[in-house]
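Chemist: Okay, predicted coordinates and the sequence, questions at the end:
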Amino acid sequence: MAKATWNGAVLAESAQTELVEGNHYFPRDALNWQYFEESDHHTTCPWKGRASYYDVVVDGATNENAAWYYPDPKEGAEKVAGRVAFWHGVEVVAG
């Protein structure tokens, strides 16, 4: 079971994460959506494709672009499709 937390809130929890490049990618249905707001930030990974981001908002505090996902991953990166990963101080613990 992996759990992502920030600012005292559980953002996601799942036994079905995919570990890619040291990051746990959580299924979208494992996220507590009340903490997520769409960001207009994007980056590009050479092998996974174009990433989109969410800001994480907990108790009035915003962690900008703290979660990312690949809406249309490239061939070879399909296992991250429909999944979200974290950084920027979000603690992910796998048990």
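Modeler: Ah, there it is.

Chemist: Report the central residue of this structure.
Modeler: Ala85 (2.5 Å; Cα atoms, centre = their mean).

Chemist: Does that residue touch Glu21 like I think?
Modeler: No. In this structure Ala85 lies outside contact range of Glu21 using Cβ atoms under 8 Å: 9.1 Å. For glycine as for every other residue, the C-beta is placed from the backbone atoms N, C-alpha and C.

Chemist: Find residues that contact each of those two.
Modeler: When Cβ atoms under 8 Å, 6 or more residues apart in numbering defines a contact, no residue borders Ala85 and Glu21 alike.

Chemist: Tell me where the chain is predicted with low confidence.
Modeler: Nowhere does the chain drop to pLDDT under 70.

Chemist: would you list every one of the strands in it?
Modeler: 2-6, 9-14, 18-20, 23-27, 36-45, 49-58, 61-69, 83-86, 91-94 (DSSP state E).

Chemist: Quick one: neighbours of the closest residue in space to Ser14 that isn't next to it in sequence, just the number.
Modeler: Excluding the flanking residues, the one nearest Ser14 by Cβ to Cβ, 6 or more residues apart in numbering is Ala30, at 3.7 Å. Ala30 is flanked by 18 other residues according to other Cβ atoms under 10 Å.

Chemist: In contact with Ala30, which residues?
Modeler: Ala12, Glu13, Ser14, Gln16.

Chemist: If anything else comes up later, I'll come back, but that's it for now.
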